[in-house]
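In: curious how this folds, go ahead:
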Amino acid sequence: MGTSTPSTTPHVHTIAVAHGDGIGPEIMRATLRVLEAAAAPLRFDTVEIGERAYLEGHTSGIPSEAWDRIREHRVLLKAPITTPQGGGYKSLNVTLRKSLNLFANVRQARAFAPFVSSPHPAMDVVIVRENEEDLYAGIEHQQTREVTQVLKLISRPGSERIVRYAFEYARAYGRKRVTCMSKPNIMKLTDGLFQRVFEEIAAEYPDIHADHMIVDIGAARLASEPLAFDVIVTLNLYGDILSDITAQLAGSVGLAGSANVGSQAAMFEAIHGSAPDIAGQGIANPSGLLMAAVQMLVHLGEGAVAERIENAWLVTLEDGVHTGDVYRHGVSRERVGTDAFADAVIERLGRVPEQLHKAHYGADAIKVEANATPASRKALVGVDVFLDWSAEGRVPDALGARLERAAGPAGWRLEMVTNRGVKVYPGGMAETFCTDHWRCRLTPDGGGETTFDEVLTLLAAIHGADLEVIKTEHLYTFDGVPGFSLGQGQ
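Out: Next comes the predicted model:
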């Protein structure tokens with residue numbers, strides 16, 4: 001058998017490209033021109049998603065043929081999308097992130113002073129945001145005439161993946177500190193789980209300093225002292241807010257790219273919107289999408305090309321060639337539009353910045369998987385019954401008495417009644433305002449475990465007392481530890 005000569009032909013990555021709405025087509029055209037000029041080994045497959053697809057009846061904004069090609073290529077470079085007003089349209093980004101399991105959203109907020117104005121010229125913070133869970137699960141209900149609810153869902157596997165990703169990111173890019181931000185002092189089970197997982201995983205990375213901050217004080221400190229932070233890992237809602245704060249602190253939301261990464265697919269985009277008010281004028285800054293494309297190249301293992309593009313972009317900033325959103329008299333040398341800015345970057349390919357920190361990417365794509373959750377003994381020990389009740393002047397004592405008369409013969413004990421989370425029976429205060437939405441906690445008379453059949457017997461008794469049950473939540477213990485928040489006096 002003869003020997004074969006190794007191929008010198010570079011591997012070409014086929015990626016799905018969505019040109020978007022508003023300014024999307026303009027900044028995408030500029031970005032693709034830079035990629036082609038830099039000889040990025042990419043093949044572009046355009047997919048039609050966004051406003052037109054919404055208006056053609058695809059409520060997710062993504063036709064089935066676009067789904068097929070995105071799933072085939074596993075990488076999507078997406079310009080901003082416009083979601084039509086009204087009509088119950090779904091968020092395209094949320095649909096993409098959840099359907100493709102893009103669990104990690106990574107946004108770097110870096111200042112480029114003195115060339116781009118920033119109150120914190122040395123700022124360089126990365127937000128690693130959990131992308132699929134939390135309140136963004138979008139599970140909402142109106143349960144009574146006065147009360148709506150949203151479910152906050154936090155899982156151990158989801159928490160493990162995003163926390164481990166943050167530490168792997170820090171290690172890959174030479175970051176020294178990972179800060180977790182959550183609110184476990186109030187949401188002890190959900191945010192508490194996230195904090196516990198963070199502490200468990202942090203112990204596996206002794207080379208990286210790890211700390212936790214309550215998110216409200218953490219956000220305040222981030223706004224005033226961003227240099228005190230390096231990598232921040234947090235839950236979905238908090239991360240959405242914090243990443244916009246950091247982008248604005250760094251100088252401009254128009255400069256920031258965003259990576260949405262999963263174990264099998266990834267999506268890259270600018271963090272700003274479609275800006276229809278300036279669409280077609282040729283003045284939009286393509287930097288955010290271009291920096292997202294740089295992140296995409298790193299993800300694909302093309303770090304050398306990514307460095308070449310980002311360094312040329314940094315030189316363009318240093319040379320004072322700026323779009324209108326960052327142009328400043330006395331600092332900028334030339335105000336340019338979208339295409340001219342792309343031309344300027346292309347002209348500077350091969351150069352490196354003299355003042356700004358030059359780009360260097362040595363890391364491959366970061367891949368993490370969640371470990372299997374350990375088995376535990378699950379026991380049903382009670383039930384929270386939610387009622388819609390406005391009778392008898394909404395006096396909690398009247399409701400409590402009716403519940404006790406119904407539950408007692410069924411073998412159940414009423415532990416408490418709360419309204420908007422405040423205990424109102426027994427021993428409530430007359431000053432407490434009560435809506436028509438009541439949580440009633442019941443446990444088996446004498447304690448211990450119960451069964452679903454016994455819960456059904458209880459619910460039948462409550463219904464027989466002419467009380468409207470709108471929801472139930474079973475109360476479980478896991479290896480003897482309560483899997484529910486305790487009420488006052490419990």
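In: list the residue ranges of the stretch 51-200 of the chain that fall below the pLDDT cut-off.
Out: 86-90 (pLDDT under 70).
In: if we use 90, what do you get?
Out: Scanning the stretch 51-200 of the chain for pLDDT under 90 picks out 55, 57-60, 83-95, 98, 117-119, 136-138, 172.
In: just the stretch 301-450 of the chain next, same as before
Out: 360-375, 446.
In: quick one, helices of it?
Out: 303-318, 338-347, 396-407 (DSSP state H, counting those that start in this stretch).
In: pick the most buried one from those.
Out: Highest mean neighbour count of these: helix 303-318, a mean of 22 (counted as mean count of other Cβ atoms under 10 Å). For the C-beta atoms, the positions are set from N, CA and C on the backbone; glycine is no exception.
In: the helices of the stretch 301-450 of the chain: which one's closest to His19?
Out: Comparison of the helices of the stretch 301-450 of the chain against His19 by Cβ to Cβ identifies helix 338-347 as nearest, at 13.3 Å.
In: residues in contact with the closest one: which ones?
Out: The contact list for helix 338-347, computed with Cβ atoms under 8 Å, 6 or more residues apart in numbering, reads 23, 26-27, 29-31, 33-34, 37-38, 282-287, 290, 309, 312-313, 316, 319, 321-323, 336.
In: export the helices of the stretch 301-450 of the chain to a markdown table and tack on distance to His11?
Out: Below are the helices of the stretch 301-450 of the chain laid out as a markdown table (distance: least, Cβ to Cβ, whole Å):
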| stretch | distance to His11 |
| --- | --- |
| helix 303-318 | 12 |
| helix 338-347 | 23 |
| helix 396-407 | 68 |
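In: ok, which of those comes nearest Gly362?
Out: Here helix 303-318 is closest among the helices of the stretch 301-450 of the chain (Cβ to Cβ), at 6.3 Å.
In: check which helices and strands the closest one is in contact with.
Out: helix 24-37, helix 287-299, helix 338-347 (3 or more Cβ pairs under 8 Å, 6 or more residues apart in numbering; DSSP states H and E).
In: mind giving me TSV with these and columns for distance to Gly464?
Out: Below are these laid out as TSV (distance: least, Cβ to Cβ, whole Å):
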stretch	distance to Gly464
helix 24-37	59
helix 287-299	60
helix 338-347	69
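In: any idea which of those is most buried?
Out: The stretch of those with the highest mean neighbour count (mean count of other Cβ under 10 Å) is helix 287-299, at a mean of 26.
In: buried residues in the helix or strand encompassing His474, which are they?
Out: Under the criterion of DSSP states H and E, His474 resides in strand 468-478. Along strand 468-478, these residues count as buried under the neighbour rule (16 or more other Cβ atoms under 10 Å): Ile470, Thr472, Leu475, Tyr476, Thr477.
In: how close does Arg439 sit to Tyr361?
Out: Arg439 sits at a distance of 52 Å from Tyr361 (criterion: Cβ to Cβ, to the nearest Å).
In: oops, could you answer that again for Ala284 instead?
Out: 26 Å.
In: swap in Pro25?
Out: For Pro25, the distance to Tyr361 (Cβ to Cβ) stands at 28 Å.
In: what about Glu354, distance to Leu317?
Out: Using Cβ to Cβ, Glu354 is found at 11 Å from Leu317.
In: neighbours of Ala203, how many?
Out: Residues lying near Ala203 (other Cβ atoms under 10 Å) number 9.
In: how close does it sit to Phe167?
Out: 10 Å.
In: ditto for Met28
Out: When Met28 is compared with Phe167 (using Cβ to Cβ), they lie 33 Å apart.
In: likewise Ile208?
Out: 6 Å.
In: ok, Asn260 next?
Out: 19 Å.
In: would you check that Thr83 makes contact with Val94?
Out: No: assessed by Cβ atoms under 8 Å, Thr83 is found out of contact with Val94, at 10.6 Å.
In: and for the closest residue to Ile208 other than its chain neighbours, the neighbour number?
Out: Spatially, and ignoring its direct neighbours in sequence, Ile208 is nearest to Ala170 (5.2 Å; Cβ to Cβ, 6 or more residues apart in numbering). Other residues near Ala170 come to 23 when the count uses other Cβ under 10 Å.
In: which strand or helix spans Ala170?
Out: Ala170 belongs to helix 156-172 when assigned by DSSP H and E.
In: next one: whichever helix or strand comes after that helix to chain centre, how far?
Out: Next along the chain after helix 156-172, taking DSSP H and E as the criterion, comes strand 177-182. Distance of strand 177-182 from the chain centroid (Cα atoms, centre = their mean, to the nearest Å) equals 15 Å.
In: and whichever helix or strand comes after strand 177-182, how far out from the chain middle?
Out: Downstream of strand 177-182, the first helix or strand assigned by DSSP H and E is helix 190-202. Centroid separation between helix 190-202 and its chain, computed with Cα atoms, centre = their mean, is 17 Å.
In: buried residues in helix 190-202?
Out: Under the neighbour-count criterion of 16+ other Cβ under 10 Å, helix 190-202 has Thr190, Asp191, Gly192, Leu193, Phe194, Gln195, Val197, Phe198, Ile201, Ala202 buried.
In: picking up where we left off before, which residues touch the strand holding His474?
Out: Contacts of strand 468-478 with the rest of the structure, by Cβ under 8 Å, 6+ apart, involve 141, 143-144, 376-389, 437, 441, 443, 455, 459, 462-463, 482-484.
In: quick check: ChimeraX command selecting the buried ones in the residues you listed.
Out: Per 16+ other Cβ under 10 Å, the buried members of the contacts of strand 468-478 correspond to this ChimeraX selection:
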select :144,380,381,382,383,384,385,386,387,388,389,437,441,443,455,459,462,484
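In: residue ranges of each domain in the protein, please.
Out: 11-101+277-282+291-358, 378-482 (automatic domain parsing).
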